[in-house]
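Asks: pasting a predicted model and its sequence here:
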Amino acid sequence: MRQSKLFTKTSKTLPKDEVSVNSQLLLKSGFIDKEIAGVYSFLPMGYRVLDKIINIIREEMNAIDGQEIMLTALQSPQTWEPTDRWDDSKMDVWFKTELKNGSKLGLAPTHEEPLTKLMKKFITSYKDLPVYAYQFQTKFRNETRAKSGILRTREFIMKDLYSFCRNQQELDEYYEKAKAAYVRIFERLGLGDITYVTYASGGTFSKFSHEFQTLCEYGEDLIYINEEKKIAINREIFEDEILSEFGLTKADFVEKKAIEVGNIFKLGTKFSDGLGLQYVDENGERKNVIMGSYGIGPGRVMGTIVETHNDKNGIIWPKEVAPYQVHIVSLGKDEVVMQESEKLYNQLNQAGYEVLWDDRTNLGPGAKFADSDLIGCPIRITVSGKNIEKSQYEVKRRIGGDAEFIPQNDIEAFLDNELK
RNA sequence: CGGGGCGUGGCGCAGUUGGUAGCGCACCUGGUUUGGGACCAGGGGGCCGCUGGUUCGAGUCCAGCCGCCCCGACCA
């Protein structure tokens, strides 16, 4: 991408009341735009990051036999009344509206009911199970208070996978596979070191659910971690009685703030019972399907990455999710510099790298370096007259350290080593 | 939903006792400049959040409403 063609611009200033690091950096760099409180648009660079996060999640969901679908955001009360979740006192985040003819509609805050209802059309026998379906879909939640940039919003994309199993054992096995998939996802997203599988309350059908909590001072959750056993416990179940099951006491844990980036939950028969999703087993008996749900919010993940990967100059994207892997910065407007830059740009594109080229000729070096740091691509290559004379490229990692000078012929080998 | 702060060109802000609405950034034109947010000269751009009130006259005073941020409560 030629930066001169990018319609977004970086900004030097921000509203003084915009406090969260993720909103500051993402707004300043032109990755996102705020429409209203808790409602954000993703602009070209931000959407590239979001898309990369989504694709990593998609690959891991496919790897555990997830079948991707796309359910509807518009929902009818009939779908939700059987489980009593159309009632605003039971589900208090509904956005509700109506058709011209007066029929009530709601914007889906989650999708257990519609998918369970859908599955009634396809699941009748034990031979139809298990089934795992997931989607990346916009959820609408009328939060009383949106806050923290893109960490708590009223409209957001969620990956939600739902499992449909014959029995508890099948669910338990799949649940463990999903948990392992989630661990891989957060590793690939660059959050592995600071993300903890956290025990949380489980509801009617299992003792625990699991949250994926990323350590962050700006997080709104409190968790308790034991590094030795790699165990983390959510605040709501941090009690002596529960800790004793792990052979631990409160003194063995350290309190940390964290952001909940994922959540997996055994639903049991709560929804299949409510909506009548049953199958006939080998003996001809009708049984409720056993369900589970598995959620991640890609937008919140993006905000969490920014909160945990930045310095005073801007964002430091992990290589897996950076909008571009390489940022070529051309200094000056010499014909030679521009020609050499374009040659490198074409070469790296052909080699399969994602390249942002700052080809703008109306800015000084300071402005370009500041923009480059703010945008936060992993590798910056500076092309200037003095480097061209020496047939070398000047390469700097966004994560830090001094610039290195790489002979022009070795640049692809260098990048292979850094990025592959 | 309770408390606090704030709404003025695209963005960030100033605006005194009520009296022609300003500055910086960005933008346009011309010129100089180019290794960490350059400079000079000229130029364009405003329902001052909305509605009503007081007044000869309101960005400024009063009332109501709307919106934004933060803290708290809430967050299958």
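Replies: Noted; the coordinates are in hand.

Asks: what count of nearby residues applies to the residue in the stretch 301-420 of chain A that RNA strand B sits nearest to?
Replies: Using C-beta to the nearest atom of the strand, the closest approach of the stretch 301-420 of chain A to RNA strand B is made by A:Gly366 at 2.4 Å. Just so you know, the C-beta spots here come from the backbone N, C-alpha and C atoms, and that holds for glycine as well. Using other C-beta atoms under 10 Å, A:Gly366 has 8 other residues around it.

Asks: please identify which helix or strand holds it.
Replies: Using DSSP states H and E, A:Gly366 sits in helix A:365-375.

Asks: now find how far off-centre that helix is within its chain.
Replies: 26 Å (C-alpha atoms, centre = their mean, to the nearest Å).

Asks: go on, stretch A:393-403?
Replies: 27 Å.

Asks: in it, what counts as buried?
Replies: The neighbour-count check on stretch A:393-403 (16 or more other C-beta atoms under 10 Å) flags A:393-396, A:398 as buried.

Asks: in terms of distance to A:Trp80, which of these ranks first?
Replies: Distance to A:Trp80 across the buried residues of stretch A:393-403 (C-beta to C-beta) is lowest for A:Arg398, with 46.5 Å.

Asks: phi, psi of the closest residue in space to A:Ile123 that isn't next to it in sequence?
Replies: Ranked by C-beta to C-beta, 6 or more residues apart in numbering and with sequence neighbours excluded, the top spatial neighbour of A:Ile123 is A:Tyr279, at 5.6 Å. With angles defined as degrees, to the nearest 10, A:Tyr279 sits at phi -130, psi 160.

Asks: pLDDT value on A:Tyr279, please?
Replies: The model reports A:Tyr279 with a pLDDT of 98.

Asks: same question, A:Asp334
Replies: For A:Asp334, pLDDT reads 89.

Asks: so it sits against A:Gly385, correct?
Replies: Yes: using C-beta atoms under 8 Å, A:Asp334 is in contact with A:Gly385, at 5.9 Å.

Asks: now the helices for the stretch 1-150 of chain A?
Replies: Counting by DSSP state H, counting those that start in this stretch, the stretch 1-150 of chain A has helices at residues A:21-28, A:44-63, A:77-80, A:112-119.

Asks: beta partners for the residue nearest to A:Ile123?
Replies: On the basis of DSSP bridges, A:Tyr279 is bridged to A:Lys287.

Asks: tell me the contacts of it?
Replies: By C-beta atoms under 8 Å, 6 or more residues apart in numbering, the residues touching A:Tyr279 are A:123-126, A:128-129, A:166, A:286-287, A:289.

Asks: got a list of what the residue positioned nearest the centre of chain A touches?
Replies: Nearest residue to the geometric centre of chain A (C-alpha atoms, centre = their mean): A:Pro298, 2.4 Å. By C-beta under 8 Å, 6+ apart, A:Pro298 lies in contact with A:50, A:53-54, A:57, A:136, A:157-159.

Asks: now with 7 Å?
Replies: With contact taken as C-beta atoms under 7 Å, 6 or more residues apart in numbering, A:Pro298 is in contact with A:50, A:53-54, A:57, A:157, A:159.

Asks: ok, it to RNA strand B distance?
Replies: Using C-beta to the nearest atom of the strand, to the nearest Å, we find A:Pro298 at a distance of 17 Å from RNA strand B.

Asks: now that residue. Nearest residue, chain neighbours left out?
Replies: In space, A:Pro298 is closest to A:Ile53, 4.5 Å off (C-beta to C-beta, 6+ apart).

Asks: bridging residues for the nearest residue to A:Val39 once chain neighbours are set aside?
Replies: Excluding its sequence neighbours, the residue lying closest to A:Val39 (C-beta to C-beta, 6+ apart) is A:Glu155, at 5.1 Å. Beta-bridge partners for A:Glu155, by DSSP bridges, are A:Phe140.

Asks: OK, contacts around A:Glu155?
Replies: A:39, A:138, A:140.

Asks: what about the first one, neighbour count?
Replies: Going back to what we said before, that points to A:Val39. 15.

Asks: which parts of the stretch 151-300 of chain A are helices?
Replies: A:168-188, A:240-243, A:270-275, A:298-308.

Asks: give me the contact list for the first one.
Replies: This points to helix A:168-188. A:56-57, A:60, A:63-64, A:130, A:163, A:165, A:192, A:195, A:197, A:210, A:212, A:261-262, A:264, A:266, A:290, A:292, A:294, A:320.

Asks: of all the contacts of A:Tyr279, which comes closest to RNA strand B?
Replies: A:Val289 (16.4 Å).

Asks: dump the residue contacts of the closest one.
Replies: A:123, A:129, A:164-165, A:272, A:277-279.

Asks: what about the residue nearest to A:Arg85 when sequence neighbours are not counted, distance to A:Asn142?
Replies: Distances taken as C-beta to C-beta, 6+ apart place A:Met91 nearest to A:Arg85, at 4.5 Å, with adjacent residues excluded. Remark: distance between A:Met91 and A:Asn142 (C-beta to C-beta, to the nearest Å) = 10 Å.

Asks: for the helix holding A:Gly366, name the packing helices and strands.
Replies: strand A:314-315, strand A:326-330 (3 or more C-beta pairs under 7 Å, 6 or more residues apart in numbering; DSSP states H and E).

Asks: now the element after it, going C-ward?
Replies: strand A:379-383.

Asks: does RNA strand B sit close to that following strand?
Replies: Yes: on the criterion C-beta under 7 Å from any atom of the strand, strand A:379-383 is in touch with RNA strand B at A:Thr382.
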